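Student: okay, sequence plus prediction incoming.
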Amino acid sequence: MSTPFEVITYEDTVVFNYTLPEQEEPEQISRELTLVWEESLEALFEAYSPEKPYQIHSFKTQRDKDRFIQSVEDKTDEIIDAVEEEVSQHTKFGYNYTSPTYED
């Protein structure tokens, strides 16, 4: 990144795995999330590919950059909370829930 006030974001599908009581087969819920890439653009290309869609957001101040990152993280937390609620509604009596895995 050319200035310290830039943030790279990209979209990814996150798969949440859980197992309902009385079932052996795990269930999945997929959601699209916007994620913040904290390394260089070159590292993003190495991790995914140059074809991976991304955006570079530029800010005038560190405070604006930090607010943007916080808003992306807040939206991610809201989606995770909604998925947890959805899983809870399916199970009613508890569930085996594993942390999100990233699907490329």
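Tutor: Yep, it's here. Computed from a prediction, not measured in an experiment: that's the story for all the values here.

Student: now the helices for this protein?
Tutor: Secondary structure of the chain (DSSP state H): helices located at 41-47, 62-91.

Student: could you export those as CSV, including distance to residue 23?
Tutor: (C-beta placed from N, C-alpha, C; glycine too.) Listed next are the helices of the chain as CSV, based on distance: least, Cβ to Cβ, whole Å:
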stretch, distance to residue 23
helix 41-47, 34
helix 62-91, 10
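
Student: residue 17 contacts residue 27, doesn't it?
Tutor: Yes. If you go by Cβ atoms under 8 Å, residue 17 and residue 27 touch, sitting 7.4 Å apart.

Student: output the lowest mean pLDDT helix or strand found in this protein.
Tutor: For the chain, counting by mean pLDDT, DSSP states H and E, strand 96-97 ranks last in confidence among helices and strands (a mean of 50).

Student: residue 9 is nearest to which of the helices of the chain?
Tutor: helix 62-91 (6.5 Å; Cβ to Cβ).

Student: now whichever strand in the chain runs longest: mean pLDDT?
Tutor: The longest strand of the chain (DSSP state E) is strand 6-19. Mean per-residue pLDDT for strand 6-19: 93.

Student: then it to CSV, C-alphas only?
Tutor: What follows is strand 6-19, C-alpha atoms only, in CSV (Å, rounded to 0.1, in the frame of the first residue of the first chain):
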residue,chain,number,x,y,z
GLU,A,6,-5.2,2.7,2.9
VAL,A,7,-7.2,-0.5,3.6
ILE,A,8,-7.6,-3.5,1.3
THR,A,9,-10.9,-5.4,1.5
TYR,A,10,-12.2,-8.5,-0.3
GLU,A,11,-15.3,-10.6,-0.4
ASP,A,12,-15.2,-14.2,0.7
THR,A,13,-17.6,-17.0,1.4
VAL,A,14,-17.5,-18.2,5.0
VAL,A,15,-19.0,-21.6,5.9
PHE,A,16,-20.3,-22.2,9.4
ASN,A,17,-20.4,-25.8,10.3
TYR,A,18,-22.7,-27.3,13.0
THR,A,19,-24.3,-30.6,14.0
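
Student: ok, residue 29 - how many residues close by?
Tutor: 16 (other Cβ atoms under 10 Å).

Student: which residues are in contact with it?
Tutor: Residues near residue 29 by Cβ atoms under 8 Å, 6 or more residues apart in numbering: 15, 16, 18, 83, 86, 87.
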